[in-house]
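A.B. asks: Here is my input; please provide its structure:
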Amino acid sequence: MKKVEIFDPAMCCSTGVCGPTVDPELTRIASAVYSLEKKGFAISRHNLTDDPGAFVENKMVNQVLVEKGPDALPVVVVDGEVVKIAEYPTTEELAEWFETAPSELQEKPRVRVSLNVNN
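C.D. replies: So this is what the prediction gives:
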């Protein structure tokens, strides 16, 4: 089974729905990753803001950052090899890597919100 790691630039959230505008590319990749995770595939995302250690520990990603700077993010690693720099994988690429249909990678993550109205 393939292992895919996505090394995101520094951002406040991975879904693209925070801030003044929605980034459709982040929304698309968040849906695809969520769908793949639910199916048990080995895919993970590392945000430079929340997980800088992952960028240091992965020598190839670290080298890309040293050579090209933060504009090289996102970096996509498949089975230990850098396959994309400065762009996210397409839904079709993800489907090909995990031998699934692109239509199966569109489930939206569900976020639970709890409110305490007693205060």
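A.B. asks: Tell me which stretches of the chain form strands.
C.D. replies: In the chain, the strands defined using DSSP state E lie at 3-8, 42-47, 75-78, 81-85.
A.B. asks: I'd like to know which elements the last one is packed against.
C.D. replies: Strand 81-85 sits against helix 59-68, strand 75-78, with contacts defined as 3 or more Cβ pairs under 8 Å, 6 or more residues apart in numbering; DSSP states H and E. No exception for glycine: its C-beta is placed from N, CA and C like everyone else's.
A.B. asks: Next, the buried residues of it.
C.D. replies: Neighbour-count burial for strand 81-85, counted by 16 or more other Cβ atoms under 10 Å, picks out Val82, Ile85.
A.B. asks: average model confidence for it?
C.D. replies: When pLDDT is averaged over strand 81-85, the result is 97.
A.B. asks: who does that strand pair up with?
C.D. replies: According to DSSP bridges, strand 81-85 has the following sheet partners: strand 75-78 (antiparallel).
A.B. asks: Distance from the least confident helix or strand in the chain by mean pLDDT to the middle of the chain?
C.D. replies: Least confident helix or strand of the chain, by mean pLDDT, DSSP states H and E, is helix 24-38 with a mean of 92. Taking Cα atoms, centre = their mean, to the nearest Å, one finds the center of helix 24-38 at 7 Å from the center of the full chain.
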